[in-house]
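Q: Model the structure of this input:
(one chain, ligands or ions: 2)
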Amino acid sequence: VRLEELIDRAALAEMLDTAAELFVVPLRVLGSDGDLIAKSGQEPSLYGYLDSFPAVRAALNDVVARLRSVDLGAGEVACKCITGAAYHALELRYDDRAIGRMVVGPFARPEWSELAAELYELEPSIRPEMAQRLLLEMPRATPEHVGRVARYLARSLDLILFSGHKALLTGNMHLAAMRDNYRELQEKNARLQQAFDRLKELDRLKSNFLATVSHELRTPLTSIIGYSEMLSEGIAGELTQEQGEFVQTIRNKGEQLLDLIKGLLDLSKLESGTMSLRKADLSAGLVIEDVAQTLAPAAKKKAINLVVRTEPGLPGIWADRERMRQVLLNLTENAIKFTPSGGTVTLSAGLTSLEAPAADDTTGLVLMVTKRTAVKLRVADTGIGIPEDERERVFDAFYQVDGSSTREQGGTGLGLSIVRRLVDAHDGTIQIEDNVPNGTVFVVTIPCRRASMV
Ligand SMILES: Nc1ncnc2c1ncn2[C@@H]1O[C@H](COP(=O)(O)OP(=O)(O)OP(=O)(O)O)[C@@H](O)[C@H]1O
Ligand SMILES: [Mg+2]
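A: Ligands and ions are numbered 1, 2, ... in the order given. The predicted structure is shown next:
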């Protein structure tokens, strides 16, 4: 331990000032290598005067150097200055080790009345009457008194050092613990980053694989569907009733498979960001009407009441017509699929707004959040509903709430994952809410064109 580490220099200087005032002697504390750590304010005016003579100053500096390095033997020693004044040096110890020294002085012994004759030899231009007058102003004390003062101060300092040491140790321990924690965190962070990169790479490979496989499957499948179509049309000769039914089944299943493959292709394009959207000013009401018309037969077959309700005078949304149709078709198909006969599916559109961050493109900084006009498309059903804790997961590819093999409804679980990604690609949002008293509401919000920002 070093003295400077245990004690605040400014606090020490303040303490020395107070003590010097009380005991009327100048005080200094030096570190173990002799460096000055703190001293009390004023040096005696005699020394100020003598300092102005270069030769004397050099001699006085020698005295100071001696005080710094003098062997303190039993712990303290009295030193004489070239002026005839005296110093007292005392070792400061902590934990059985010398960590510095305290120097008291210069002070004048009570009997001292004449400046040393060598001083005048060293510097003949010293004015005796001036020096003599300043000598009278020197602090006066007996060496015993000074020794007592020094020992008293050393003891006080010891107490201060003790608490300083304790604080230092606690601080160091705290610091070491923090360093440890920080290092641990950094290591964990690096491992996480590695895992993340690896997952990202795997995800990319998966998307590529999906895209290639789906593409390769599509071509032969189109042939299968084409040929079964030709067969059932009797192009290759009349079929018996049973043959006709078999061929029809082949065709139906082929088309189901083709839908699935199209879905996979869409998903991989959306995941890799290569799906191109032809966005235009689009009337949400028209898309809803279109979807309702397409699905009216399916709803009727299941005795489900399909209702369309759109607010008049809605602004156009900035969207790809085919893709928006796909979103609403998927949601409405689900609504019909998961609603028992006699239920109601309601498609509606209304005005709303979306919070859109206005980013500064040059810095990527989000400067402010603006409200963007948007249209809210709702697909509400009175069906079986989706439990609260499933509402995030239903958007995962291939996830179905009822994943059992005895599931009542068909499907592969791709619909909503495509819907979510399509909505994202339109800068929109999708949410699932409860319908009252039962059923589900899917709320899709798609922003209007930027120019109509409010
Ligand atoms: N309107 C709804 N009411 C109740 N459950 C729903 C509704 N919409 C979706 N779900 C649940 O979310 C799951 C995932 O829906 P998603 O559309 O992704 O798949 P799917 O309809 O089962 O199959 P696919 O759409 O690929 O033919 C469904 O299996 C169903 O459990
Ligand atoms: Mg579906």
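Q: Do a quick rundown of the helices in the stretch 201-350 of the chain.
A: In the stretch 201-350 of the chain, the segments counted as helices under DSSP state H, counting those that start in this stretch are 241-272, 284-301, 321-337.
Q: Next, find the distance separating residue 189 from ligand 2.
A: Using Cβ to the ion, to the nearest Å, we find residue 189 at a distance of 39 Å from ligand 2. Yep, even glycine has a C-beta here, placed from its N, CA and C like the rest.
Q: which stretches of this protein have low pLDDT?
A: 357-368, 451-454 (pLDDT under 70).
Q: What strand or helix carries the residue nearest the centre of it?
A: The centroid of the chain falls nearest to residue 189 when counting by Cα atoms, centre = their mean (12.0 Å). For residue 189, the host element (DSSP states H and E) is helix 143-232.
Q: what's the angle from that helix to helix 241-272?
A: 150 degrees (axes from the mean of the first three to the mean of the last three Cα atoms, to 10 degrees).
Q: if I pick the nearest residue to residue 221 once chain neighbours are set aside, what's in contact with it?
A: In this structure, residue 221 finds its nearest non-sequential neighbour in residue 258, 5.4 Å apart by Cβ to Cβ, 6 or more residues apart in numbering. Residue 258 makes contacts with 218, 221, 222, 225, as judged by Cβ atoms under 8 Å, 6 or more residues apart in numbering.
Q: Chain neighbours aside, what residue packs nearest to the first one?
A: Right, the one you point to is residue 218. residue 261 (5.3 Å).
Q: isn't the one you found right up against residue 222?
A: No - assessed by Cβ atoms under 8 Å, residue 261 is found out of contact with residue 222, at 9.9 Å.
Q: More neighbours: which of those two?
A: Neighbour count, other Cβ atoms under 10 Å: between residue 261 and residue 222, residue 261 has more, with 19 against 13.
Q: OK, contacts around the more buried one?
A: By Cβ under 8 Å, 6+ apart, the neighbours of residue 261 are 214, 217, 218, 221.
Q: The same query, at a cut-off of 10 Å, please.
A: Going by Cβ atoms under 10 Å, 6 or more residues apart in numbering, residue 261 touches 210, 213, 214, 215, 216, 217, 218, 221, 222.
Q: Please list only the buried members of these.
A: Buried members of those, scored by 16 or more other Cβ atoms under 10 Å, are 210, 214, 217, 221.
Q: And the second one, how far from ligand 1?
A: Spatial separation of residue 214 from ligand 1 under the definition Cβ to the nearest ligand atom, to the nearest Å is 14 Å.
Q: for residue 381, same thing?
A: Note on residue 381: its distance to ligand 1, by Cβ to the nearest ligand atom, is 5 Å.
Q: cool, and residue 154?
A: 82 Å.
Q: Phi first, then psi, for the residue of the chain found nearest ligand 2.
A: In the chain, the residue that lies nearest ligand 2 is residue 415 (2.8 Å; Cβ to the ion). Note on residue 415: its backbone torsions stand at phi -50, psi -60 [degrees, to the nearest 10].
Q: likewise residue 315?
A: phi -70, psi 160.
Q: which one is it nearest to, not counting chain neighbours?
A: residue 448 (4.8 Å).
Q: now residue 381
A: Excluding its sequence neighbours, the residue lying closest to residue 381 (Cβ to Cβ, 6+ apart) is residue 335, at 3.8 Å.
Q: got a list of what the residue of the chain closest to ligand 2 touches?
A: 263, 326-327, 329-331, 333-334, 337, 394-395, 397, 400.
Q: Same check on residue 377?
A: 284-285, 287-288, 291, 310, 317, 324, 327-328, 331, 347-350, 352, 423, 428, 430, 442-446.
Q: Tell me which strands the helix or strand hosting it pairs with, and in which orientation.
A: Using DSSP H and E, residue 377 maps to strand 365-381. Strand 365-381 has the following strand partners under DSSP bridges: strand 344-360 (antiparallel), strand 440-447 (antiparallel).
Q: and the longest one, how far out from the chain's middle?
A: Yep, that's strand 344-360 we're talking about. Centroid separation for strand 344-360 versus its chain: 31 Å, with Cα atoms, centre = their mean, to the nearest Å.
Q: mind listing what's buried in that strand?
A: Result for strand 344-360 [16+ other Cβ under 10 Å]: buried residues 344, 345, 346, 347, 348, 349, 352, 353, 354, 356.
Q: on that earlier part again, just name the most buried of the helices of the stretch 201-350 of the chain.
A: For these, average neighbour numbers computed from mean count of other Cβ atoms under 10 Å are highest in helix 321-337, which has a mean of 21.
Q: when you scan that helix, is anything in it near ligand 2?
A: Yes - counting by Cβ under 5 Å from the ion, ligand 2 is contacted by helix 321-337 at residue 334.
Q: Grab the CA positions of that helix and hand them over as PDB.
A: C-alpha atoms of helix 321-337 as PDB (Å, rounded to 0.1, in the frame of the first residue of the first chain):
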ATOM      1  CA  ARG A 321     -53.800  -6.400 -54.900                       C
ATOM      2  CA  GLU A 322     -53.100 -10.100 -55.400                       C
ATOM      3  CA  ARG A 323     -51.200 -10.300 -52.100                       C
ATOM      4  CA  MET A 324     -53.900  -8.500 -50.100                       C
ATOM      5  CA  ARG A 325     -56.500 -10.800 -51.600                       C
ATOM      6  CA  GLN A 326     -54.300 -13.700 -50.500                       C
ATOM      7  CA  VAL A 327     -54.200 -12.300 -46.900                       C
ATOM      8  CA  LEU A 328     -58.000 -11.900 -46.700                       C
ATOM      9  CA  LEU A 329     -58.700 -15.200 -48.400                       C
ATOM     10  CA  ASN A 330     -56.500 -17.100 -45.900                       C
ATOM     11  CA  LEU A 331     -58.100 -15.300 -42.900                       C
ATOM     12  CA  THR A 332     -61.600 -15.800 -44.100                       C
ATOM     13  CA  GLU A 333     -61.000 -19.400 -45.100                       C
ATOM     14  CA  ASN A 334     -59.800 -20.000 -41.500                       C
ATOM     15  CA  ALA A 335     -62.800 -18.200 -40.100                       C
ATOM     16  CA  ILE A 336     -65.200 -20.400 -42.100                       C
ATOM     17  CA  LYS A 337     -63.200 -23.500 -41.300                       C
END
